[in-house]
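**Q** Sequence below, structure please.
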Amino acid sequence: MNLRRRIREDGEVHTGPLNDILFILLLFFLIVSTLANPNVIRLSQPKSKSDTKAKQTVVVSIDANKQFYVGTTRVNLQELKSKLQPFLAKETDQPSIVINADKSVPIDDVVAVMKIARELGARTVLAVNKNGVQ
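**A** Now for the predicted structure:
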């Protein structure tokens, strides 16, 4: 009778499938991160059937409470011109400002942003909802 203990081998963890799982997770997070919308200011935009694409230099948003945002930074109307100048100075050709206004915002506020853009030598584009139905 053989009563000696046999030498056992240590258990091994096979990491081959781990590479596949990590690659799939990496791919998933890359795709999800590109779908995220950087514009976090929620607005109800006016409707339009035509859609004009323009290269945007900077986005100016106006929400229903008449609060102005340059990108996602809140500014007041008096300091809007000074906040827009650094963005427009970086642009080599015709800079453009996309105005993203809630549909309940008075047109006077949109025109005020357009006047500031004209003083700075930039084009303005009004962002609208693509569906075209109300």
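**Q** Can you report how many residues lie near Leu18?
**A** 10 (other CB atoms under 10 Å). (Glycine included, C-beta is placed from N, CA and C.)
**Q** and whichever strand or helix holds it, how far from the chain's centre?
**A** Taking DSSP states H and E as the criterion, Leu18 maps to helix 16-35. Taking CA atoms, centre = their mean, to the nearest Å, one finds the center of helix 16-35 at 23 Å from the center of the full chain.
**Q** ok, and what's touching it?
**A** By CB atoms under 8 Å, 6 or more residues apart in numbering, no residue outside helix 16-35 reaches it.
**Q** low pLDDT regions in this protein?
**A** 1-8, 36-56, 92, 130-134 (pLDDT under 70).
**Q** Tell me the secondary structure at Thr124.
**A** strand (DSSP: H, G, I helix; E, B strand; the rest coil).
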